[in-house]
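> Next one to model:
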Amino acid sequence: MRHYEKLTRRPENFIVTGDAACALNPVYGQGMTTSALEAVELGRLIANRNVRNLKGFAAQFQKALYKLTQGPCLMATSEDMCYPDVEGAKPDFMSRMIHKYFDLVALAMPYDGVIGQRFVEAMHLLKPPTSLLSPWIALRVFRHAFLPHRQAATNEIRATMEMSAVSQI
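Model prediction:
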């Protein structure tokens, strides 16, 4: 992620978007969706502006873009940083705790359709990644981590979760 929102000097009426602003690992399949969300945000901001006076618009858009891409970028890069050969800063304590939590999410998904559906929604950017940290979901995750598992979700439940997520697109 490039931090164009932090520039103190920038060409007026020049914006950076798409992969130029935030290039995501294609493994996660979030690049095109993120770019589409960026286009929607650009349209929303332009609709609320006087197009005859766009002074400051580039800075406003870059700040909005940062907020929009922060979730997908963090999801992709934090997962990538789990691998020892990946270049870049090593995860700090909080990042390692988030990794551990998402490991627990992955272990709980076969047993809990609600967690599985929320994960699919977050991965497809239908809900923010932080939705997996909500108290309601975290409680379910920790219940599966510390209590014996019940029966794993059946194939019918998994198919329903996937169809539910796809129907929301």
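> any low-confidence regions in the chain?
1-4, 6, 77-79, 82, 149-169 (pLDDT under 70).
> can you map out the helices along it?
31-47, 57-80, 93-108, 113-123, 135-146, 155-167 (DSSP state H).
> Restricting to C-alpha, output the third one in PDB.
Taking only C-alpha atoms (Å, rounded to 0.1, in the frame of the first residue of the first chain), the coordinates of helix 93-108 have been written out as PDB:
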ATOM      1  CA  PHE A  93       3.000  -8.400  18.800                       C
ATOM      2  CA  MET A  94      -0.500  -7.200  17.900                       C
ATOM      3  CA  SER A  95      -0.200  -8.600  14.400                       C
ATOM      4  CA  ARG A  96       0.900 -12.000  15.800                       C
ATOM      5  CA  MET A  97      -2.100 -12.000  18.100                       C
ATOM      6  CA  ILE A  98      -4.400 -11.300  15.200                       C
ATOM      7  CA  HIS A  99      -2.800 -14.200  13.200                       C
ATOM      8  CA  LYS A 100      -3.400 -16.500  16.200                       C
ATOM      9  CA  TYR A 101      -7.000 -15.400  16.300                       C
ATOM     10  CA  PHE A 102      -7.500 -16.000  12.600                       C
ATOM     11  CA  ASP A 103      -6.000 -19.400  13.100                       C
ATOM     12  CA  LEU A 104      -8.800 -20.100  15.600                       C
ATOM     13  CA  VAL A 105     -11.300 -18.700  13.100                       C
ATOM     14  CA  ALA A 106     -10.100 -21.200  10.500                       C
ATOM     15  CA  LEU A 107     -10.300 -24.100  13.000                       C
ATOM     16  CA  ALA A 108     -13.900 -23.100  14.100                       C
END
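> picking that back up, how about the helices of the chain in CSV, adding distance to Pro11 and mean neighbour count?
Where you see a C-beta, it was placed from the backbone N, CA and C, and this is true even at glycine. CSV is the format used below for those (distance: least, Cβ to Cβ, whole Å; neighbours: other Cβ atoms under 10 Å):
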stretch, distance to Pro11, mean neighbour count
helix 31-47, 17, 14
helix 57-80, 7, 18
helix 93-108, 34, 15
helix 113-123, 35, 20
helix 135-146, 43, 14
helix 155-167, 40, 13
